[in-house]
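Asker: have a look; sequence and predicted model below, questions after that.
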Amino acid sequence: MAPEVASSTTVDKRIPVSVFEHVAATHPANVAVSHAGREISFGELAAHVERIAVTLRSEGVGREVVVAMCFDSSIEYVAALLAVMKAGGIFMPTDLRPPGARIEGILDLATPALAVGSP
């Protein structure tokens, strides 16, 4: 069960993106993510998520489309994860540490429509 959001605005607490967008709209200057000495505010993260979601939709991501997430832990991972959900897709976390052949096998079985990751 999602934590209660203190507000008079109705928020669908079952949808993480809805809760994130509500917090970003009401507290845009607050720190949303801090990782490896970097911080990003809710407002900045929301703008980044929107840009990525638009790109994902233009690549065909929508309802029930699987997107492989090929990132190490990072602010970019959080942004991409939220963007996939915002675009309506299904995110598939992919651990990049196993041998390449194992990763290829997993991706072959899951058949994601798209893979996103850091360079």
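Answerer: Yes, it's here. Residues are numbered from 1 along each chain as shown.
Asker: the bottom helix or strand of this protein by mean pLDDT?
Answerer: One helix or strand of the chain scores below all others by mean pLDDT, DSSP states H and E: helix 100-110, with a mean of 79.
Asker: buried residues in it?
Answerer: Ile103, Leu107 (16 or more other Cβ atoms under 10 Å). Heads up, the C-betas are built off the backbone N, CA and C, glycines and all.
Asker: repeat for stretch 79-89
Answerer: In terms of neighbour count (16+ other Cβ under 10 Å), stretch 79-89 has its buried residues at Ala79, Ala80, Leu81, Leu82, Ala83, Val84, Met85, Lys86, Ala87, Gly89.
Asker: quick revisit: any idea which helix or strand comes after the least confident helix or strand of the chain?
Answerer: As assigned by DSSP states H and E, the chain's next helix or strand after helix 100-110 is strand 114-117.
Asker: can you report phi and psi for Gly43?
Answerer: Recorded main-chain torsions at Gly43 are phi -60, psi -40, according to degrees, to the nearest 10.
Asker: quick revisit: and the least confident helix or strand of the chain, what does it pack against?
Answerer: strand 66-70 (3 or more Cβ pairs under 8 Å, 6 or more residues apart in numbering; DSSP states H and E).
Asker: sheet-wise, list the partners of the strand it packs on with their directions.
Answerer: When pairing is defined by DSSP bridges, strand 66-70 lines up against strand 90-93 (parallel), strand 114-117 (parallel).
Asker: can you check the pLDDT for the residue sitting nearest the centre point of the chain?
Answerer: With distances taken as Cα atoms, centre = their mean, Leu81 lies nearest the centre of the chain, 1.4 Å away. We have a pLDDT of 93 for Leu81.
Asker: you'd agree it is in a helix?
Answerer: Yes. Under DSSP: H, G, I helix; E, B strand; the rest coil, Leu81 sits within a helix.
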